[in-house]
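Student: let's see this in three dimensions:
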Amino acid sequence: MKNTRRNFIKMSALSAAAIPFANISADPLQVNKSDVNKPIVLSTWNFGLVANQSAWEILNKGGRALDAVEAGVKFVEADPKQKSVGLGGRPDRDGRVTLDACIMDEFSNIGSVACLEHIVHPVSVARDVMEKTQHVMLVGDGALQFALSLGYKREKFMSDETKKEWKEWLKNNSYKPVINIENHDTIGMIAMDASGNLSGACTTSGIAYKIHGRVGDSPIIGAGLYVDNEIGAATATGHGEEVIRIAGSHLVVELMRQGNSPTQACKIAVERIIKLQEIRGKNVRNIQVGFIALNKKGECGSYCIQSGFNYAVYDKTGNRLLDSDFSVK
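Tutor: All right, here's what the predicted structure looks like:
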C-alpha cells in the first residue's frame, strides 16, 4: 500500500513538472505550415500598392522578407511627390526636413535613425545601424555623419512647391500643426517570405511643421513597428505620440499571441488609445491612428480610429487596396 501511494505521488509530481515544458514547446498559433498564406506583404496607405510591387519582386523569387520591406519602402522614400516620406518630406517649423525610420528582422535584430537630415533613404541607414554597429539607434548629426561615412550622398531637400507651402504656413506663425490624415502618411510595411520568416520597416518625415527635434513613433521599435517571428508583426501610422503612449505595435503583436486575430488585435489597441484620450479629456476626433498586422498563418488585418485609412496587401491572389474598419462613426 505504501509503495503504491509513493509511486502515485512520484508519478503525479513528474507529470506536473512536465506540463510547463509542454506549453513552452507548443506552437502559440497552432500553425499548420501547409496552410500558411505566404509570401505576403502589406503596407500602409494607397502608396502601399507601388511599394508592395517592389517588395513582391523579391518575395516572389524566394527572397528574404528583410530585403523586401527595405526595397518596398525605399520606392516611396525616393518619390518627391510623396509629401511625408523621404525626398518629398515636409519640413519642421524651422524649414528643416528631418526623417525617421526603423527596420526589424526575423531574429529581432533592429536598427533605427531619427531626426536624420539630407539622406533620401533613412531606412537603409537604419539597416546599416542594425548590421554594422553595436547600437540600435542613431539620431541627428550623429546619424548623418554615420551615413556619410558609409558613402551616402548628401541631398538637398524641399522642392519649390513644398517651400512655398512652408512659407504660407509661417504667415500664421501659430506653430500648431494640424493633425489630420494627410499630415502623417508614414509608410509601414510588414512581410512574410516563402520560408515563413517575418520582417518589417517604417519610414516617415513625421508631422509637418513640427518643433525641430520632434520624433514620433516611426523609428521606435515597439511603437511604430514590432516583429516577433513566432507570432506576427505590426506597424502603425498616424499621431505618433498616441502610438508611443501604448507601445502600440508591440501591444498588437502581444494581443495576437493571446489568440486574437490581426484585426481584433488592432481594434483592441485602437480602443485603448481612445480610452486614454477620454481619460485625459482629449477629443479623439482630432487624431488618427491606424494599425496593420500580420500573423504567422499569413492572416492580416487592420483597424483605425476614424474613417479614411487604407492599406495595401499583396499575396498570391494579387495586389489590392483595402479600407480599414474604424471605431469613431
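
Student: and the strands in the chain?
Tutor: When assigned using DSSP state E, the strands of the chain occupy the ranges 40-44, 99-104, 110-116, 137-139, 187-192, 198-204, 225-228, 232-238, 289-295, 300-306, 310-315, 318-323, 326-328.

Student: would you list those in CSV and tack on mean pLDDT?
Tutor: Formatted as CSV, these follow (pLDDT from 0 to 100):
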stretch, mean pLDDT
strand 40-44, 98
strand 99-104, 98
strand 110-116, 98
strand 137-139, 98
strand 187-192, 98
strand 198-204, 98
strand 225-228, 98
strand 232-238, 97
strand 289-295, 98
strand 300-306, 97
strand 310-315, 98
strand 318-323, 98
strand 326-328, 96
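
Student: got a markdown table for the ones you listed, with mean neighbour count too?
Tutor: (Glycine included, C-beta is placed from N, CA and C.) Compiled in a markdown table, these are given as follows (neighbours: other CB atoms under 10 Å):
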| stretch | mean neighbour count |
| --- | --- |
| strand 40-44 | 30 |
| strand 99-104 | 32 |
| strand 110-116 | 26 |
| strand 137-139 | 20 |
| strand 187-192 | 32 |
| strand 198-204 | 31 |
| strand 225-228 | 29 |
| strand 232-238 | 32 |
| strand 289-295 | 30 |
| strand 300-306 | 25 |
| strand 310-315 | 23 |
| strand 318-323 | 13 |
| strand 326-328 | 16 |
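
Student: wait, which of the ones you listed is closest to Gly63?
Tutor: Evaluated over those, closeness to Gly63 peaks at strand 187-192, with 9.9 Å, by CB to CB.

Student: Leu251: neighbour count?
Tutor: 23 (other CB atoms under 10 Å).

Student: which non-adjacent residue is nearest the most centrally placed residue in the chain?
Tutor: Taking CA atoms, centre = their mean, the centroid of the chain lies closest to Thr235, which sits 2.6 Å from it. Excluding its sequence neighbours, the residue lying closest to Thr235 (CB to CB, 6 or more residues apart in numbering) is Gly188, at 3.0 Å.

Student: how near is the one you found to Gly140?
Tutor: Using CB to CB, to the nearest Å, we find Gly188 at a distance of 23 Å from Gly140.

Student: got it, and Leu49?
Tutor: Distance of Leu49 to Gly140, computed by CB to CB: 33 Å.

Student: in stretch 129-149, which residues are buried?
Tutor: 129-130, 137-139, 143-144, 146-147 (16 or more other CB atoms under 10 Å).

Student: check stretch 265-284 too.
Tutor: Of the residues in stretch 265-284, 265-270, 272-274, 277, 284 count as buried by neighbour count, 16+ other CB under 10 Å.

Student: next, format those as TSV and append pLDDT and distance to Thr98.
Tutor: Shown next, in TSV, are those (pLDDT from 0 to 100; distance: CB to CB, whole Å):
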residue	pLDDT	distance to Thr98
Ala265	98	31
Cys266	98	28
Lys267	98	32
Ile268	98	32
Ala269	98	27
Val270	98	27
Arg272	98	29
Ile273	98	25
Ile274	98	29
Gln277	96	27
Val284	94	27
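
Student: good, wrapping up.
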